[in-house]
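# Any chance you can model this:
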Amino acid sequence: MYNSIGVIELKNVPKGIEAADDALKSAGIEMVSSHPSCPGKYEIILTGSISNVTAAVNHVNQKFDGYVIDSAIMGRIDPQVISALFGTGVGTKSGSLGVLETYSAATIIKAADIAVKTAKVEIFDLRVARGLGGKGVVMLTGEVGDVTAAIEAGADYAKGLGQLSATSVIASPHQGIWEQL
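I've put the predicted structure just below:
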């Protein structure tokens with residue numbers, strides 16, 4: 001389905017729409033989604049070959065430099081991330097729970113991909129920008145050691161970009177927590 005994706009987050013809607021148009025015109029890519037997000041940001045997700053996605057993201061980053069908040073390019077993205085991104089994944093309400101929060105949508109998507117490739121975990125939930133003030137959150141489940149390793153790997157990536165907000169690993173969440181998630 002989506003082998004490579006690019007995510008670009010811009011500071012405002014008008015420049016976001018213009019950047020989405022430029023991205024589509026700059027390389028042989030397809031639009032996965034393009035929409036306003038909280039708080040007044042604009043999020044673009046592109047797909048295509050890794051070279052075309054890279055060319056489109058680089059073009060937007062260069063042309064809209066003062067408006068780009070964050071961007072990420074991911075080749076061979078884990079199918080679990082795509083399912084979670086579109087709300088089609090079904091997370092397991094058992095085991096340990098790890099939560100990773102970032103300040104941007106692009107960072108959380110790539111951090112989630114890194115996390116699931118690091119250890120044997122499942123994405124329980126992935127929330128991007130909407131209703132989060134522009135932040136991103138991924139929740140992972142699995143054995144406590146795997147969840148810890150996955151959260152640390154995703155957090156290291158986000159921290160390196162200055163985009164890490166917070167993390168948490170709960171070895172055995174109370175049933176009341178599972179019921180609320």
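
# Identify the single longest helix in this protein, thanks.
Identified as the longest helix of the chain according to DSSP state H is helix 144-160.

# Which residue lies nearest the spatial centre of the protein?
Taking C-alpha atoms, centre = their mean, the centroid of the chain lies closest to residue 109, which sits 1.5 Å from it.

# relative orientation of the helix or strand harbouring residue 100 and helix 144-160 in degrees?
Element membership for residue 100 (DSSP states H and E) is strand 96-102. Angle of strand 96-102 versus helix 144-160, following axes from the mean of the first three to the mean of the last three C-alpha atoms, to 10 degrees, is 0 degrees.

# Using CSV, list the CA coordinates for strand 96-102.
Extracted C-alpha coordinates of strand 96-102, given in CSV (Å, rounded to 0.1, in the frame of the first residue of the first chain):
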residue,chain,number,x,y,z
SER,A,96,2.4,-3.4,29.6
LEU,A,97,1.5,0.1,28.2
GLY,A,98,4.0,2.5,26.9
VAL,A,99,3.1,6.1,26.0
LEU,A,100,5.3,8.5,24.0
GLU,A,101,4.3,12.1,23.3
THR,A,102,5.9,14.6,20.9
